[in-house]
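S.K.: Fold the following and give me the result.
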Amino acid sequence: MAQRWFRSKQRPVAGISELDRAPIGTGDAALSVLAVSYADGGEDDQYLVPAVGDREPRDGEGVWAALITAIADGAELRGTRGRFRCSRTDALGDLHGGADLAERSLRVEQSNTSVVLGETLILKLYRLLEPGLNPDIEVSRFLTDAGFGDTPPVAGAIRYETGDVVCSAAMLQGFVPSSGDAWASVREALSDSPDAALALVARIGELTARMHAALASHPNDPAFPSRPATTAETAGWRASAEQQLSQAVTAVVGEAQKRLVVLAPAITAQFADTFGSATGGARVTRIHGDYHLGQLLARADGGFSVVDFEGEPARLLAQRRQPSSPLRDIAGMLRSLDYAARTVGQGGGFDSDVWLHDARGAFLKAYGGVKADQAGLLAAFELEKACYEVRYEANNRPDWLWLPLAAVERLAAA
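M.R.: Residues are numbered from 1 along each chain as shown. Model prediction:
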């Protein structure tokens, strides 16, 4: 279970079995649904695994192109227990004119599988099948309809149905040619010219403001509200932050755990104080949910396209669909800038603390600023995010654990 898309790496696997298998076309290609059970007795997980016989498809075999055809045709792929329903949007006709769909899997670090077809479309398969509508599809379609042009248009989707349970299985979007992502762009600029990197940060701040304005543009849509936060919501933010802290403590061992245990009482008190008095100035909308430099594609025209609205992988799907404070996205991007600056700064050449101070100012100014009564809430969200990062790095990239651990210590002392 070394694949990046396998989410429960710390849980001992008891067994794996195939629940369903739906043929694709006339060959031996299929969409398989695997059940993973765990020795801890917790709930099983279900994973989507495209297969050709007993292996995953290879580029050029036509399996991915066959799925695009199924989406274009609105086909239904029947399995032994359930079915995969395919649907398209009007955008598909504009993006795919019947040209040959050469297949190219993206070899990038991500929690799903993405394949580029014909250099005009990109198919994303959601490996972990969770009941409900994936916010990646939901938010991407909303932004397209709202006229936000800096996210790829949705061309279609696949959902998996068994009885009354519906899971998002895949999304088809327009492919955005890019030179990489903002993570690479900012780090490269930091190595060459920290001032140029500040200009990129300001551009990202302006883009973030437009994205948040679009997400708040239909306040009467119950799925995309724009309103003051309720007491129950701010209480939920506090509970979430405390949970992230608790999970961070249990995710690490040894000296790292000792450091967090010492800080935990002060952090808990900070969360209680900040979220307990947050209702007055706090607002909620739908948000990106996992906003960082890696979620921005660097286009050839110098702009960025926002992708991956799925939310933080460690959170339940229902949690990721809830409206929340846009300050969460701001906190996520500020934490990502911290990652970029400190990893580049390890090699010397510039003062990462000074640059981060300037970058924070550039981002927030371009965003339009954060009101004084929201500053404490933003700081609490940053600290919560750093706790989340400790857990994430402990589970996925232990060599990076030093970075969020140091961030928790700095933010807790601020």
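
S.K.: Domains in the chain, by residue range?
M.R.: What automatic domain parsing lists as the domains of the chain is 18-175, 179-413.

S.K.: Tell me, how many residues neighbour residue 191?
M.R.: 13 (other CB atoms under 10 Å). Every C-beta, even on glycine, is put in place using the N, C-alpha and C of the backbone.

S.K.: Tell me the buried residues in the helix or strand containing it?
M.R.: In this structure, residue 191 is located in helix 182-192 according to DSSP states H and E. The neighbour-count check on helix 182-192 (16 or more other CB atoms under 10 Å) flags 182, 183, 185, 186, 187, 188, 189, 190 as buried.

S.K.: Who are the packing partners of the lowest-mean-pLDDT helix or strand in the chain?
M.R.: Least confident helix or strand, the chain: helix 91-95 with a mean of 88, by mean pLDDT, DSSP states H and E. Helix 91-95 sits against strand 154-162, strand 165-174, with contacts defined as 3 or more CB pairs under 8 Å, 6 or more residues apart in numbering; DSSP states H and E.

S.K.: repeat that with 7 Å
M.R.: strand 154-162 (3 or more CB pairs under 7 Å, 6 or more residues apart in numbering; DSSP states H and E).

S.K.: helices and strands around the strand it packs on, which ones?
M.R.: strand 83-88, helix 91-95, helix 135-145, strand 165-174.

S.K.: Which among the ones you listed is found nearest to residue 282?
M.R.: With CB to CB as the measure, helix 135-145 is the member of those nearest residue 282 (20.5 Å).

S.K.: which residues touch that closest one?
M.R.: Residues outside helix 135-145 that contact it (CB atoms under 7 Å, 6 or more residues apart in numbering) are 151, 153-154, 157, 168, 171, 173, 214, 224, 286, 289, 308-311, 320-321.

S.K.: Residue 401 versus the nearest residue in space to residue 345 that is not next to it in sequence, what's the distance?
M.R.: For residue 345, ignoring the flanking residues on the chain, the nearest one in space by CB to CB, 6 or more residues apart in numbering is residue 352 at 3.4 Å. Separation of residue 352 from residue 401 (CB to CB, to the nearest Å) stands at 18 Å.

S.K.: follow-up on the earlier one: list the contacts of the residue nearest to residue 345.
M.R.: So, once contact is read as CB under 7 Å, 6+ apart, residue 352 ends up touching 341, 342, 345.

S.K.: Residue 354 too?
M.R.: Per CB under 7 Å, 6+ apart, neighbours of residue 354: none.

S.K.: Residue 39 is nearest to which of the helices and strands packed on strand 154-162?
M.R.: Within the helices and strands packed on strand 154-162, the stretch nearest residue 39 is strand 165-174; the backing value is 24.5 Å (CB to CB).

S.K.: May I have that closest one exported as PDB, CA atoms only?
M.R.: Provided in PDB are the C-alpha atoms of strand 165-174 (Å, rounded to 0.1, in the frame of the first residue of the first chain):
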ATOM      1  CA  VAL A 165     -25.200   5.200  -2.400                       C
ATOM      2  CA  VAL A 166     -23.600   7.500  -5.000                       C
ATOM      3  CA  CYS A 167     -19.900   8.200  -5.100                       C
ATOM      4  CA  SER A 168     -17.900  10.600  -7.400                       C
ATOM      5  CA  ALA A 169     -15.600   8.400  -9.500                       C
ATOM      6  CA  ALA A 170     -14.000  10.800 -12.000                       C
ATOM      7  CA  MET A 171     -14.100  14.300 -13.500                       C
ATOM      8  CA  LEU A 172     -13.200  15.400 -17.000                       C
ATOM      9  CA  GLN A 173     -11.900  19.000 -17.500                       C
ATOM     10  CA  GLY A 174     -10.300  21.100 -20.100                       C
END
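
S.K.: Check which helices and strands that strand sits against.
M.R.: strand 121-125, helix 135-145, strand 154-162.

S.K.: again, only using 8 Å
M.R.: Against strand 165-174 (3+ CB pairs under 8 Å, 6+ apart) you get strand 45-52, helix 63-73, helix 91-95, strand 121-125, helix 135-145, strand 154-162.

S.K.: Select, out of the helices and strands packed on strand 154-162, the one closest to residue 59.
M.R.: Distance to residue 59, taken as CB to CB, is lowest for strand 165-174 among the helices and strands packed on strand 154-162, at 16.7 Å.

S.K.: where in the stretch 201-350 of the chain is pLDDT low?
M.R.: Along the stretch 201-350 of the chain, the parts satisfying pLDDT under 70 run over 279-280.

S.K.: And stretch 302-318, end to end?
M.R.: 35 Å (CA to CA, to the nearest Å).

S.K.: residues in contact with it?
M.R.: Contact with stretch 302-318 is made by 7, 110-112, 126, 130-132, 134-136, 138-140, 150-152, 176, 178, 182, 203-204, 207, 211, 288-290, 295-299, 319-321, 388, 391-392, as judged by CB atoms under 8 Å, 6 or more residues apart in numbering.

S.K.: Distance of residue 244 relative to residue 139?
M.R.: For residue 244, the distance to residue 139 equals 22 Å [CB to CB].

S.K.: neighbour count winner among those two?
M.R.: Taking neighbours as other CB under 10 Å, residue 244 and residue 139 compare with residue 139 leading, 28 against 24.

S.K.: which parts of the host helix or strand of residue 362 are buried?
M.R.: Assigned by DSSP H and E, residue 362 falls within helix 352-367. Across helix 352-367, burial judged by 16+ other CB under 10 Å covers 352, 355, 356, 359, 360, 362, 363, 364, 366, 367.

S.K.: Please identify the buried residues of the next helix or strand after it?
M.R.: Downstream of helix 352-367, the first helix or strand assigned by DSSP H and E is helix 375-396. Neighbour-count burial for helix 375-396 flags 376-395 (criterion: 16+ other CB under 10 Å).
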